[in-house]
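Based on what follows, work out the 3D shape:
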Amino acid sequence: MSNIFKDRDSFYQVLCNGPYLKADNTVTSMEDTFSVMFMDFDMYVLVTDRPKLAENYTEDTWLKLRDAVGAIQNSTSIKYNLEELYQAVENLCSYKVSPTLYKQLRQVCEDHVQAQIHQFREYPFESMNRCWQDHCRQTVSVVVDVLTLFTRLRDTGLELFRTHIVSDSAVQKRTVEGILEQIELERNGETVDRSLLRSLLGMLSDLQVYKDSFEERFLSETNRLYAAEGQRLMQERDYLHHVSRRLEEENDRIVSYLDQSTQKPLISCVEKQLLGEHMTAILQKGLSTLLDENRVTELALLYQLFSKVKGGLPTLLQFWRDYIKSFGGEIVCTPEKDKDMVQDLLDFKDKMDNVAQSCFARNETFINAMKEAFEAFINKRPNKPAELIAKYVDSKLRAGNKEATEEELERILDKIMIIFRFIHGKDVFEAFYKKDLAKRLLVGKSASVDAEKSMLSKLKHECGAAFTSKLEGMFKDMELSKDIMIQFKQYMQNQSEPSNIELTVNILTMGYWPSYTPMEVHLPPEMVKLQEVFKLFYLGKHSGRKLQWQPTLGHAVLKAEFKEGKKEVQVSLFQTLVLLMFNEGEEFSIEEIRTATGIEEGELKRTLQSLACGKARVLNKNPRGKDVEDGDRFNFNNDFKHKLFRIKINQIQMKETVKITQHTHSHTVTLSHLLIGKSRSPKLEIFFQ
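Numbers count the residues shown, from 1 in each chain. Predicted coordinates:
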């Protein structure tokens, strides 16, 4: 009989007398564990009736095969031709002898494996590796090469090794404990044979006992080790670097010899024991120090490590927020630090910005928390930060390019605006800023018109047009005043009796400018006359308006004669009125000066204190002292000396307060004067500035 087959599956079925192969060519029966290499799907295969095997063919073939396997197991040479052995095995399989042949081969392998077990109970675990390398893996590999048709023989070899050797409790214990001892030695800084560990752990993985026999104990030992280490070393200054180093070491072990499946539980264990269990303690002990000392490398490492631990970043965020509130609150709420408050705030903000950017990965949550913390602590002390910020801006706009270039000043103003955004009392800032702006404009102390306008633009952008409308009105008043003074000078040139004093007047709209307490002082007759001339000139052009003279911001330059020689003294109007009295007499009491000048008592005492008790003492006070009392008397200091020709004597200011009001009289104007000119005084004279 003969059969014709048109596909490989039907051929396999008849050949093996078993079920069809699956679609993926896998089989389930033992006799179907070989591959037929010579079939072609596109060929018709004719199978004819085969002759019977020789009487002793099966037994002779098995004896040769057993000898060959034994030679391989004992590392001796094989005396048979491998190709002939292969052909003989193929012939036996084709006559359905493969199940018997497989059982015989399995028994040979099992006997060999059982013969090895005694050495693993008596010798170090290195012998396990030698057996695995020399007698198991190599033997199974070569046997499969010879017995290609028995593809499952390798799995059988692994199964036998697992069943008779690794699953032996004594052998497994010795092997796993040996591996754990080596890993512990390496963790303690010793050098170990990593290739040995890699081979043994690979063996456990190949035998599918890695997780149950090794990994569970390994993770338990790791947990114990790092729990103790965390408790012992947590107080060390370089603890974070220690944690980072430990994590790197464990990752290196995974790459070198541990199974990849161990990575996640291992790293989680290390992070939990060295970080997760000590997060609060680490931050309580070290965060403030790291931030105080600006240790950005450690801060970046802290963020990196905490980002790996569950709840790490939220915990760090809370401590970061609390630190900012505490440190910033000390800056704001310590009156002794008021002088440097704003600069300290700017420096602190720069420092925290740098930490957020370079250490905390520009994390928006941390940046927003910083903003919230700044807003919270700045407003713990109402109004004072707003006042001091206004004063700080004033100092920078007065100094101009003496302290910074235009670009640097612009950056400073930008930083100021960041702090300004946090304050709630923006109306307080506006009041102080307006008062300082008035002084800068009226006394000519602004260093840069461009910088002034830039700051005004920033305020307008931040707070809206309503916030800056009055400030913009102040600038408009100054421009209008310049035009009016040009016209007034032309007017004076046409007078029949020109004055020997040049008067400069700034016309201020009351609703725009700070409110000043009205004060009537006794001016020299020449000044009074010039005031009336200006009043006649101005009201002639703007009928219906009311002029209110405001002497508070007036100033002059006096020419004085001392024994050392002539000096120029730049003083306020109040100081001018006091000094001019000494053209009429040698010595005056405080009451006599008050009566002659009309200056209010408190203002007069501050004026006399600036002239007699400051650095430039152009008056002598009797008795001496730092404060002016009611019974004090004053005389001109002819012995006054100074290295400069022009000396500025600052008026002592009373404690500055602001009253926030709304002015509705838009047509009312205020005037302040700059008094310049000549008089007939023998000691002091006003002259052209």
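
any idea which helix or strand comes after the lengthiest helix in the chain?
In the chain, ranked by residue count with DSSP state H as the criterion, the top helix is helix 465-493. Once the chain leaves helix 465-493, the next helix or strand it forms, by DSSP states H and E, is strand 501-509.

now that following strand: how far from the chain's centre is it?
53 Å (CA atoms, centre = their mean, to the nearest Å).

Same question for stretch 347-357.
Using CA atoms, centre = their mean, the offset of stretch 347-357 from its chain centre is 7 Å.

In it, which residues are buried?
For stretch 347-357, burial by neighbour count (16 or more other CB atoms under 10 Å) applies to 348-349, 352, 355-356. C-betas here are computed from N, CA, C, even on glycine.

buried sites along the longest helix of the chain?
Counting neighbours by 16+ other CB under 10 Å, helix 465-493 gives 468, 470-471, 473-475, 477-478, 481, 484-485, 488, 491-492 as buried.

Tabulate those residues (CSV), appending pLDDT and distance to Arg162.
Listed next are the buried residues of helix 465-493 as CSV, based on pLDDT from 0 to 100; distance: CB to CB, whole Å:
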residue, pLDDT, distance to Arg162
Thr468, 94, 85
Lys470, 93, 91
Leu471, 94, 88
Gly473, 94, 94
Met474, 93, 93
Phe475, 93, 92
Asp477, 92, 98
Met478, 91, 97
Ser481, 91, 102
Ile484, 92, 107
Met485, 90, 107
Phe488, 91, 112
Tyr491, 88, 117
Met492, 87, 117
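
Tell me the one among those nearest to Asp193.
Thr468 (77.5 Å; CB to CB).

give me the number of residues near the nearest residue to the closest one once chain neighbours are set aside?
Closest residue in space to Thr468, ignoring its immediate chain neighbours: Lys460 at 4.4 Å, by CB to CB, 6 or more residues apart in numbering. Applying other CB atoms under 10 Å, we find 16 residues neighbouring Lys460.

Which of the three states applies to Lys460?
helix (DSSP: H, G, I helix; E, B strand; the rest coil).

List the contacts of the residue nearest to His555 when sequence neighbours are not counted.
Counting by CB to CB, 6+ apart, Ser572 is the residue found nearest to His555 once chain neighbours are left out, at 5.2 Å. By CB atoms under 8 Å, 6 or more residues apart in numbering, the contact set of Ser572 is 554-556, 607, 651.

Look up the pLDDT of Ser572 for me, please.
With respect to pLDDT, Ser572 scores 88.

Now it, what are its backbone angles?
Phi and psi for Ser572, reported as degrees, to the nearest 10, are phi -80, psi 170.

Show the subsequent helix or strand relative to the helix or strand containing Leu299.
In this assignment (DSSP H and E), Leu299 forms part of helix 296-306. As assigned by DSSP H and E, the chain's next helix or strand after helix 296-306 is helix 312-333.

buried residues in that following helix?
For helix 312-333, by 16+ other CB under 10 Å, it's 312-313, 315-317, 319-321, 323-325, 327-329, 331-332.

Then stretch 618-637?
Buried-residue list, stretch 618-637, by 16+ other CB under 10 Å: 618-621, 628, 632, 634, 636-637.

Between those, which sits nearest Leu207?
Val628 (101.0 Å).

which residues sit in contact with the closest one?
Here Val628 is in contact with 590, 605, 608-609, 612-613, 621 (CB under 8 Å, 6+ apart).

Tell me the spacing between Ser446 and His241.
The gap separating Ser446 from His241 is 53 Å, by CB to CB, to the nearest Å.

do the same with Lys337
35 Å.

ditto for Arg217
Taken as CB to CB, the span from Arg217 to His241 is 29 Å.

Scan the contacts of Ser572 and report the most crowded one.
Top of these by neighbour number is Thr607, holding 27 neighbours under the definition other CB under 10 Å.

Which strand or helix spans that one?
Applying DSSP H and E, one finds Thr607 within helix 601-612.

The stretch 51-200 of the chain: strands as residue ranges?
Applying DSSP state E, counting those that start in this stretch to the stretch 51-200 of the chain gives no strands.

what sits against Leu197?
179, 182-183, 256-257.

could those go into a markdown table alongside distance to Leu441?
As requested, those are exported to a markdown table (distance: CB to CB, whole Å):
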| residue | distance to Leu441 |
| --- | --- |
| Ile179 | 84 |
| Gln182 | 82 |
| Ile183 | 78 |
| Ser256 | 75 |
| Tyr257 | 78 |
